[in-house]
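J.: what follows is a protein structure lacking sequence information:
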């Protein structure tokens, strides 16, 4: 029986090297099929959240050729938090050459971003967001800047990752039919809570594709349009009940949704000097 390896390839340049290494390595594995996704020209910290969001959505193996120290550390730390293996493509070769030559290994720091206070804020925000993804540690949310609440597949995780890349500590809590929401969401000291909604028809397509990618039976209420209408109606009622701002993410990019959340954070900060 064949096995499928999900491989995420991350490159600072065209990606030809990591693709070649991946193809040749998998060719040596009996009965293994490769499913890969490639990110090219990864040269900014702001690109890391998108990658980590995809890895969190469907875990696999990350192979990268990032030598810029800040970006590499953010990617590898994020993978560690997600429990996903992450390897620098040339690590073993470089280590052996360094030992052979008795030389130190030098990874180049990015010339585009200095290690200033903003950088460390982004790193801390990323760590917090990874530790509070998808309802994890939902009893410990008081240190968040914002908490996103919504049904499954409402883009909560990638939006939080993008916010983290801007130095914002973002947690997210999924709404599960029949399950109570965490008490921390309605405490007087709660951070800004934002409800995310999405068109049920669009959500049905997304969830069906998700089930297919997992080789699971699509005949379930998880992707049933009538069940989703009820699920979304209940979510909207909950948001209105608690007075949480609502954002419809149906036709919005992650960046657009994040920009609206940042505006709400800034407005809230203006009301509470």
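T.: Sure, I can see it. A quick note: this is a predicted structure, and the numbers were derived from the prediction, not measured.
J.: now do the strands in the stretch 51-200 of the chain.
T.: Taking DSSP state E, counting those that start in this stretch as the test, the strands found in the stretch 51-200 of the chain are 61-64, 86-88, 146-150, 170-174, 192-197.
J.: deepest of those strands, which one?
T.: For the strands of the stretch 51-200 of the chain, average neighbour numbers computed from mean count of other C-beta atoms under 10 Å are highest in strand 170-174, which has a mean of 26. For the C-beta atoms, the positions are set from N, CA and C on the backbone; glycine is no exception.
J.: of all the strands of the stretch 51-200 of the chain, which lies closest to residue 133?
T.: Among those, the nearest to residue 133 by C-beta to C-beta is strand 170-174 (6.2 Å).
J.: which of the helices or strands spans residue 270?
T.: Under the criterion of DSSP states H and E, residue 270 resides in helix 254-271.
J.: and the angle from that helix to strand 146-150?
T.: 130 degrees (axes from the mean of the first three to the mean of the last three C-alpha atoms, to 10 degrees).
J.: okay, now the unreliable bits of the chain?
T.: Residue ranges of the chain with pLDDT under 70: 1-2, 100, 105-120, 218-219, 271-273.
J.: tell me the contacts of the residue nearest the centre of it?
T.: Central residue of the chain (C-alpha atoms, centre = their mean): residue 53, 2.2 Å from the mean position. Applying C-beta atoms under 8 Å, 6 or more residues apart in numbering to residue 53 gives the contacts 157, 158, 161, 162.
J.: those in helices, which ones?
T.: 157, 158, 161, 162 (DSSP state H).
J.: excluding its backbone neighbours, what's nearest the second one?
T.: Read that as residue 158. Spatial nearest neighbour of residue 158, excluding adjacent residues (C-beta to C-beta, 6 or more residues apart in numbering): residue 53 at 3.7 Å.
J.: returning to that earlier point: quick check: the gap between the residue nearest to the centre of the chain and residue 172.
T.: 11 Å (C-beta to C-beta, to the nearest Å).
J.: ok, back up a step: ok, so of the contacts of residue 53, who is nearest residue 62?
T.: Nearest member of the contacts of residue 53 to residue 62, counting by C-beta to C-beta, is residue 161, at 14.7 Å.
J.: give me the contact list for whichever strand or helix holds residue 232.
T.: According to DSSP H and E, residue 232 maps onto helix 225-242. Here helix 225-242 makes contact (C-beta under 8 Å, 6+ apart) with 149-151, 175, 177, 181, 185-186, 193, 195, 197-198, 200-201, 203-204, 207, 221, 245-246.
J.: could you redo the last one with a cut-off of 6 Å?
T.: Identification of contacts with helix 225-242 by C-beta atoms under 6 Å, 6 or more residues apart in numbering yields 151, 175, 195, 197, 200, 203, 204, 221, 246.
J.: same question for stretch 32-40.
T.: Contacts of stretch 32-40 (C-beta under 6 Å, 6+ apart): 2-11, 14-15, 26, 51.
J.: picking that back up, okay if I get the strands of the stretch 51-200 of the chain as a markdown table plus distance to residue 269?
T.: A markdown table is the format used below for those (distance: least, C-beta to C-beta, whole Å):
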| stretch | distance to residue 269 |
| --- | --- |
| strand 61-64 | 36 |
| strand 86-88 | 35 |
| strand 146-150 | 11 |
| strand 170-174 | 15 |
| strand 192-197 | 9 |
